[in-house]
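> Predicted structure and sequence below. I'll ask about it afterward.
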Amino acid sequence: MAQFTLVSGSVGLITLQNPPVNALSAATRQGIVDMMNKALNDPEVKSVVVCGQNRIFCGGADIKEFGTKISGPPLIPTIHTIEATNKPVVAAIEGSALGGGLELALGCHYRIAHSKARLGLPEVTLGLLPAIGGSQRLPRLIGVPAAIELITTGRHITAAEALQLGLVDHVTRSSTVDEAIKFAQSVEGKSLDSRRISNYPCPHLPDLDAVFEGVMQEVRQKAHGAIAPIACVQAVRAAATLPYLEGMEIERQLMETLFTSSQARALQYTFFAQRAVSRWSMPSGARWDTSMPKPVHKAAVIGLGTMGRGITVALAQAGLSVVAVETQEKQLKEAKLVVSGILERAAQRRGMAPTLAKITYSHDIRAVADVDLVIEAVFEDEALKEKVFQQLSAVCKPGTFLCTNTSSLDVDHLASLTHNPELVVGMHFFAPAHVMKLLEVVYGSKSSPEALATVMQLGKRMGKVSVAVGNCWGFVGNRMLKPYMEQAFYLLEEGATPELVDQALVEFGFPMGVFRMSDLSGTDVYWKIRKEAEPVGASGQEARVRKGLRYSPLGDLLCEQGRFGQKTGQGWYQYDKPGSRVARPDPWVHNFLEEYRARHGLVARRIDHAEVLERCLYSLINEGFRILEEGIAAGPEDIDMIYVFGYGWPKHRGGPMFYASMVGLAKILERLEHYHRAHPDVPFMQPCSLLRKLVTCGSPPVHKWKDVIKKIHSQL
Ligand SMILES: CCCCCCC/C=C/C(=O)SCCNC(=O)CCNC(=O)[C@H](O)C(C)(C)COP(=O)(O)OP(=O)(O)OC[C@H]1O[C@@H](n2cnc3c(N)ncnc32)[C@H](O)[C@@H]1OP(=O)(O)O
């Protein structure tokens, strides 16, 4: 797991060997300890270079070992030995030096990085802190403000930025290991007194208390309830105020709390789940590793509204040639300006030339005749999309994949209008499409494995977390959102205010609550969908009943007042002016709710945050179990990644299905039964049979659910 070689007569080269990323597993740590002892005790060795096999220095601690009983030696004593030795030790950083890997490098006397290397302390993203001395050494080396920023965000930085910060001593474009060996030889026998970071005083900051107070406030606000960023600030504060060894003790204590926390488990689950969803499968048995994607060099976007513009940017940034089609001349001109502006600003930020030349604009759909893949992004109107798909099927070259950006329309129906339904796939982007990480990739009953593989690969090229899901109303994300929103309306009927519901959800960790979110995206978006699904007043239904089931018309009544949310300056909240982002509670809404309750004989009661969370979240989770049972999502990880990357579910809670497993499936079942007894006319509260089955099977951990689902399907 680590190899020792004597090179150039006097340099001990220690190579970490644990593919794919040389993570610091127990065996690798043992290897480092043994090889370092060998090097430091060998009189022939005058200097040491540490590097990683396969051009990657080290991806940090082995995340798979977290949550198991940790064996193997700790690294802190060895890092102290490295720092204290009189033989110069040089870290040769290629690929990545992350987490524990960078902490090891910080214990070395010199760091030489390849120009393409990436460095960072991303422990916070796993619910931890850099606890191999990183929280104490980094601020001593690069100063408190820069260290806080890197440690609390977990951001990976380039070698150039690392050089600028003083994190590395030299950046090279040639062989890093060769340079490190030459350099190590050049400093053999020289004093290392000025190279031991733990001896450095932390650079002085005037008004330290005020700085940390401000930082803590900012970090708390961004953390949405995550505890690791707070602990990171506390650890850096210890570095800034205490001698090194006392700071190390604070680092250890903070880590002890974080290491076993449910947040760390959730974040580590998310790390692996994000990677697991790329290994997709279809109910037919087709899989990611047996289905070949087709190359896509040139793509087209049809419709240049907000979504189409974002998709055009995402495709261009992924390096594709794009044909952007918009039939309305004014919209086309405006889109061109907006797309160019976004690409120019992004290129400026990255110090690169913009990719404008890759986009051609047209108002004629025939311009897409030679593209490999089309993404239709016209207005969410079934008749309009039908027409576009018929046109596309007629004008595109044979074999062109036809994709629809829809949030709820039937992919199979659109496919049925084309000559080759096997080439049709849904691509549900989230606004803004060039920013949001999630892409729901919807395969229809006729979509070929090749089509799905192609679109999943395209999603990866665009930097998306792409999740393959089956075709049903709302797919996974919006389908689960329906019961969540429905419960929020019922809570208003029963006595809650939009502020109370939203506050409970924000305290849970969402960036905003359901009503603020609805105002932001436009209250009329779901109004339109509701009107289509359940026409108001059809067959003389009562206002609060649809098809014999409970219905809340509150959202419809709000829209009838022209209160479409932020864009109109009024919705569930009031805003200073249309488009303003500052939401304030609105007495008009409170009055509107009171009048509504009075009209329907409803008596307001006190509703607490626990009830809001149980009703909104458990009904959403229940629908998630139905989705798993029906095979619309292949596993709980797929649902969780959709919610984390597309719907603002707090990452430190791992996604709704992981959260359910942490709460306890028996408790979720018991509460759903309770609410269903109280509201038998709300089918979303009726516990799904998969949930019952899992509870009967002893509530297995989330990674075992697939086995239970498979068993259910094989029994059907
Ligand atoms: C014993 C107790 C010690 C306590 C120490 C506490 C202090 C230190 C803590 C840490 O160091 S925590 C770990 C910090 N490191 C990270 O967060 C880095 C995580 N990895 C990445 O960001 C990326 O993987 C990468 C290194 C940038 C490489 O990216 P790339 O896109 O090239 O490959 P991936 O698909 O992401 O990964 C390939 C493969 O490797 C697995 N993997 C990656 N990193 C780790 C790791 N640190 N531990 C275990 N496994 C890791 C990853 O899951 C992939 O596996 P498969 O999914 O393909 O099976």
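Looks like it came in fine. Numbering: from 1, shown residues only.
> SS state for the residue in the stretch 201-350 of the chain that the ligand sits nearest to?
Closest residue of the stretch 201-350 of the chain to the ligand, C-beta to the nearest ligand atom: residue 275 (3.8 Å). C-beta coordinates here come from the backbone N, C-alpha and C atoms, glycine included. For residue 275, the secondary-structure state derived from DSSP: H, G, I helix; E, B strand; the rest coil is helix.
> What number of residues are in the vicinity of it?
Look at residue 275: counted by other C-beta atoms under 10 Å, it has 12 neighbours.
> go on, residue 615?
Neighbour number of residue 615 under other C-beta under 10 Å is 28.
> and what of the one 10 residues further on?
Using other C-beta under 10 Å, residue 625 has 28 neighbouring residues.
> Run through the residues that contact whatever residue of the chain ends up closest to the ligand.
Residue nearest to the ligand within the chain: residue 99 (2.4 Å; C-beta to the nearest ligand atom). Neighbouring residues of residue 99 by C-beta atoms under 8 Å, 6 or more residues apart in numbering: 59-61, 120-123, 130, 134.
> Quick check: residues of the stretch 401-550 of the chain near the ligand?
Within the stretch 401-550 of the chain, no position is near the ligand by C-beta under 6 Å from any ligand atom.
> Name the spans of the stretch 401-550 of the chain whose pLDDT lies under the cut-off.
Residue ranges of the stretch 401-550 of the chain with pLDDT under 70: 534-541.
> try 90
The stretch 401-550 of the chain contains residues with pLDDT under 90 at 407-408, 521, 525-543, 545-548.
> which residue ranges form the helices in it?
Taking DSSP state H, counting those that start in this stretch to define them, one finds helices in the stretch 401-550 of the chain at 411-416, 449-461, 477-494, 498-508, 514-521, 523-533.
> ok, and for the strand or helix carrying residue 36, which residues are buried?
Element membership for residue 36 (DSSP states H and E) is helix 26-41. Using 16 or more other C-beta atoms under 10 Å as the test for burial, helix 26-41 gives 28-29, 31-36, 39-40.
> Check stretch 262-278 too.
Those would be 263-271, 273-274, 276-278, for stretch 262-278 by 16+ other C-beta under 10 Å.
> Residue 419 reaches residue 396, doesn't it?
No: Residue 419 is not in contact with residue 396 according to C-beta atoms under 8 Å; the separation is 9.5 Å.
> Between those two, which is the more surrounded one?
Shown here are residue 419 and residue 396; by other C-beta under 10 Å, residue 396 has more neighbours (25 against 11).
> got a list of what the more buried one touches?
By C-beta under 8 Å, 6+ apart, the neighbours of residue 396 are 368-369, 371, 374, 402.
> Only the buried subset of these, as a PyMOL command please.
A single PyMOL command selects the buried members of those (16+ other C-beta under 10 Å):
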select buried, resi 368+371+374+402
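> Among the contacts of residue 396, which ones are in strands?
Judged by DSSP state E, strands contain the following of those: 374, 402.
> of all the contacts of residue 396, which two lie farthest apart?
The most widely separated members of the contacts of residue 396, counting by C-beta to C-beta, are 369 and 402 (13.1 Å).
> pLDDT wise, what is residue 356 at?
pLDDT recorded at residue 356 is 64.
> Could you tell me the average pLDDT over stretch 8-26, please?
On average, stretch 8-26 scores 98.
> Can you tell me the centre-most residue of the chain?
Taking C-alpha atoms, centre = their mean, the centroid of the chain lies closest to residue 645, which sits 4.1 Å from it.
> do you know how far that one is from residue 525?
Counting by C-beta to C-beta, to the nearest Å, the separation of residue 645 from residue 525 is 20 Å.
> how's this protein carved up into domains?
2-260, 291-475, 496-599 (automatic domain parsing).
> So what pairs up with residue 170 in the strands?
residue 112 (DSSP bridges).
> from what I can see it touches residue 113, true?
Yes: using C-beta under 8 Å, residue 170 makes contact with residue 113 at a distance of 7.5 Å.
> Around the ligand, pick out the residues from this structure.
Applying C-beta under 6 Å from any ligand atom, we find that the chain lies next to the ligand at 20-21, 23, 59-65, 70, 96, 98-100, 122-123, 126, 128, 130-132, 272, 275.
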